[in-house]
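> pasting the sequence and the predicted model now:
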Amino acid sequence: MTITHTTLRKHAQRLHHAFNLNGYVSLPGFFSGDELAALQDNKDRLIREVRPTMPQTEVYYEDPDEPASLKQLQQIWKHDAWFGDQMTKGTFHTLAEITLGEAVRPINMQYFNKPPGIGQPTPPHQDGFYFHLTPSHALTIWVALEDVEPEQGCVSYVQGSHKHGMRWHARTQTLGFSQGIVDFGTEEDDANAMSFPCRAGDLIAHHALTIHWAGGNTTTDRSREALGGIYYAASTRENLKAKEAYKAQLDAQLALEGKI
């Protein structure tokens, strides 16, 4: 049974505690039945009908000359009314308020994929590095649109890492994840690593300071499609100048490299 606003509010205290303790929550079967089918159908419609109208800087491919290598669609909630409702009125919004413990601002909804054989690993990183927030208090939601096993690139977390601040990041070559943690792989990182294979409709969500990563898709016949949502706590302050300068620099570099 799909998780509802009522169900989330009933378990709000437990969810908030688990999130504060671990830096993430896992909710298997968040979408199921007709609701999961609607999510998958609207994802297909989005790629088929909306993607061709989206700005080039919001559409990422592993190989720009190969349409089947679609990797990410950014800000889909601003380009499609159905996903806009999911972002602003759906259970994502309620979950964000519960986990962050305050009112929230919807920021981004994204489509992710790791195409079979060519889907690249996602480097260990903290989303807060990209957000330019003070304090770095935000939530990223990730929903599996199909079953995801380790060989497809399931998400992993360092449990409790949100309690230790921002780690040092530097440029990576992974499209869509331009920064990664330089010193990742410490004894503490390894001891607290938790991986999350998922079934279609499962949801995981993490704090902006939680270290996470995903392997590449090493299969030859299975994609790894997911939906993501980002919410900022209402109390945060965003350095828009720094954020816009970073995005402009990144877009220019990606265009120069022929990646967008």
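Received it, and whenever you're ready, just let me know what you need.
> helices along the stretch 1-150 of the chain, start to end?
With DSSP state H, counting those that start in this stretch as the criterion, the stretch 1-150 of the chain has helices at 5-10, 12-22, 33-45, 76-79, 81-89, 91-100, 128-131.
> so which of the ones you listed gets nearest residue 139?
Closest approach to residue 139 among the helices of the stretch 1-150 of the chain (C-beta to C-beta): helix 91-100, 4.8 Å. No exception for glycine: its C-beta is placed from N, CA and C like everyone else's.
> from the rest of the structure, what touches that closest one?
Contact with helix 91-100 is made by 3-5, 8-9, 12, 15-16, 19, 25, 27, 30, 86-87, 103-104, 106, 137-139, 141, 203, 205, 207, 229, 231, 233, as judged by C-beta atoms under 8 Å, 6 or more residues apart in numbering.
> do a quick rundown of the helices in the stretch 151-260 of the chain.
187-191, 240-256.
> and the residue lying closest to residue 129 once chain neighbours are set aside, how close does it get to residue 130?
What sits nearest to residue 129 in space, not counting adjacent residues and going by C-beta to C-beta, 6 or more residues apart in numbering, is residue 169, at 4.8 Å. Computed with C-beta to C-beta, to the nearest Å, the distance linking residue 169 and residue 130 is 9 Å.
> with residue 2 instead?
Separation of residue 2 from residue 130 (C-beta to C-beta): 30 Å.
> against residue 21, how distant is residue 80?
Between residue 80 and residue 21 the computed distance is 35 Å (C-beta to C-beta).
> who has more neighbours, those two?
Legend: neighbour count by other C-beta atoms under 10 Å for residue 80 and residue 21, higher for residue 80 (22 against 13).
> list the contacts of the residue nearest to that one when sequence neighbours are not counted.
Residue nearest to residue 80 in three dimensions, not counting chain neighbours: residue 50, with 5.2 Å by C-beta to C-beta, 6+ apart. By C-beta under 8 Å, 6+ apart, the contact set of residue 50 is 76, 79, 80.
> now, which of those sits nearest residue 153?
residue 76 (20.5 Å).
> that closest one contacts residue 83, doesn't it?
Yes. Using C-beta atoms under 8 Å, residue 76 makes contact with residue 83 at a distance of 4.9 Å.
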